[in-house]
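Participant: Dropping the sequence and predicted coords here.
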Amino acid sequence: AGAEFLAMLLIIVYVGAVMVLFLFIIMMLDVDFTELRAGLVRYLPLGIVVGVVLAVELFFVFMAWTFAPAASGLRRAAAPAGVSNTEALGRILYTDHVYLFQLAGLVLLVAMIGAIVLSLHHRPDVKRQDPGAQAARKREEAVRLVDVEPGRGL
């Protein structure tokens, strides 16, 4: 019976470890914050609107939070026979709360893409290869034969 709890605990611990690993990778990258600050002024009004909407939603959620009197009896309800805790949790997550579960996955995907966008920047001083140009060039353009006199260098 305790193995289910141990399995879920291990999953949570390892997911947290991967999140910390992503955080350290982003921290170790050399991100140029001057360009990010320049774009901040452009997105500041949208950020303020999103922040106010989230604050208002949190206010309404916490002000309307009540406990149903009938819910206290559900805590003492017997578990159905033959259903383990993990199976019951899976049934609840994938049937009753499937949209919230998918939304959590979407939030994690957006966070991962955001981390990639923040760490990926184009540097013009770095030389890059162009495989198309390399494959399209001819031998005559790449190799030059030089007639060198004996005893003299180039």
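Facilitator: Structure's in. What do you need?

Participant: Where does pLDDT dip in this protein?
Facilitator: 1-2, 30-32, 67-68, 70-79, 121, 154 (pLDDT under 70).

Participant: For residue 20, see how far away the most centrally placed residue in the chain is.
Facilitator: Nearest to the mean C-alpha position of the chain, counting by Cα atoms, centre = their mean, stands residue 112 at 1.5 Å. Using Cβ to Cβ, to the nearest Å, one obtains 14 Å as the distance from residue 112 to residue 20. Where C-beta positions appear, they are placed from N, C-alpha and C, glycine not excepted.

Participant: before we move on, the earlier item: distance of the residue nearest to the centre of the chain from residue 98?
Facilitator: Distance of residue 112 to residue 98, given as Cβ to Cβ: 21 Å.

Participant: Equivalent analysis for residue 132, please.
Facilitator: As defined by Cβ to Cβ, residue 132 lies at a distance of 46 Å from residue 98.

Participant: Those two: which is more packed in?
Facilitator: Between residue 132 and residue 98, counting by other Cβ atoms under 10 Å, residue 98 is the more crowded of the two (11 against 8).
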